[in-house]
Every structure is written in C-alpha cells, then in structure tokens.
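[1] The following block contains a protein sequence and its predicted model.
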Amino acid sequence: TFVVTENCIKCKYTDCVEVCPVDCFHEGPNFLAIDPEECIDCTLCEPECPVEAILSEDDLPADQAHFLELNAELSAKWPVITEIKDAPADADEWADKPDKLKLLER
Ligand code: SF4
Ligand code: F3S
C-alpha cells in the first residue's frame, strides 16, 4: 500500500486525490489518509504530491513507519475525497517543516 506521511500535515494540496482509480483518499482537517485495504499499489498518486508526502510502505523511512498504522486508523473514520480543492492559505509555509505530527488534527 501507499502511505501519506508527515509532510502532508498542514499542506494538504490534494493533487493526489484526482488520480486514484479506486478512491482511497480520506480527508481530515489538515491531512489526508490512504485506506490500505483499498489501495491497489498503482503508484499514480506518488508523483502528484508537490511535497513528496506519499511513499510506498516499502520505502518508508524509520521515522515515518508509524504513518502506515495512522493511515489505516484515520482513513477508517474520515470521508472519501475524490476532487482537488484549494490548499490551506498557508500551505506553502508548512512545506517541508519538520515535526508536524503534533499538529495533526483528528
Ligand atoms: Fe490510489 Fe494508486 Fe495511490 Fe494507491 S497507489 S492510493 S490506488 S493512486
Ligand atoms: Fe497531502 Fe500531498 Fe496529497 S500534501 S493532500 S499527500 S498532494
């Protein structure tokens, strides 16, 4: 499965959602999560993210490994998103900022 990682938090550009053929993306207040039970590993979403927040589970660095479980947990409770929408006004300011996990809104 593919996994949305920390860099998505407070960026949420949503470019990723339009290419998913099986509608796996689920939207929370400031982060998206992929449903690992729906993802077919097509790889299409990975290059769409401007901040490279989407990775294959096989490529997750150790400090992002917990995002696999987090995507499963959050996708189960958040609604599906299939259409691109405006990013938060301050999204660019948060791109590539470290330690954003504490800012994740559930
Ligand atoms: Fe959807 Fe393909 Fe990305 Fe999986 S890899 S979330 S199926 S676009
Ligand atoms: Fe997040 Fe990147 Fe998609 S910032 S919403 S994973 S395009």
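    Nice, I can see it. The model shown is predicted, which means the values in this text are computed figures rather than measured ones. Numbers count the residues shown, from 1 in each chain. Ligands and ions are numbered 1, 2, ... in the order given.
[2] Contacts only, for residue 94.
    For residue 94, the contact set (CB atoms under 8 Å, 6 or more residues apart in numbering) comprises 9, 10, 11, 88, 100. All C-beta spots, glycine's among them, are computed from the backbone N, C-alpha and C.
[3] ok, now residue 95?
    Residue 95 sits next to 7, 11, 50, 51 when contact means CB under 8 Å, 6+ apart.
[4] Going along the chain, name the helices of this structure.
    For the chain, the helices defined by DSSP state H cover 66-75, 91-94.
[5] Sort out which residues of the last one are buried, please.
    When you say that, I think you mean helix 91-94. Within helix 91-94, the residues that qualify as buried are 91, 94, counting by 16 or more other CB atoms under 10 Å.
[6] now do stretch 93-106
    For stretch 93-106, by 16+ other CB under 10 Å, it's 94, 95, 100, 104.
[7] ok, which stretches of the chain are strands?
    Ranges of strands within the chain are 2-4, 25-27, 32-34, 54-56, based on DSSP state E.
[8] can you list those in CSV and add mean neighbour count and distance to ligand 1?
    Converted to CSV, those look like this (neighbours: other CB atoms under 10 Å; distance: least, CB to the nearest ligand atom, whole Å):
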stretch, mean neighbour count, distance to ligand 1
strand 2-4, 26, 4
strand 25-27, 23, 7
strand 32-34, 25, 5
strand 54-56, 19, 7
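[9] Using a markdown table, lay out the ones you listed together with distance to ligand 2 and mean pLDDT.
    A markdown table is the format used below for the strands of the chain (distance: least, CB to the nearest ligand atom, whole Å; pLDDT from 0 to 100):
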| stretch | distance to ligand 2 | mean pLDDT |
| --- | --- | --- |
| strand 2-4 | 5 | 98 |
| strand 25-27 | 7 | 98 |
| strand 32-34 | 4 | 98 |
| strand 54-56 | 5 | 98 |
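[10] Please consider this matter closed, and thank you.
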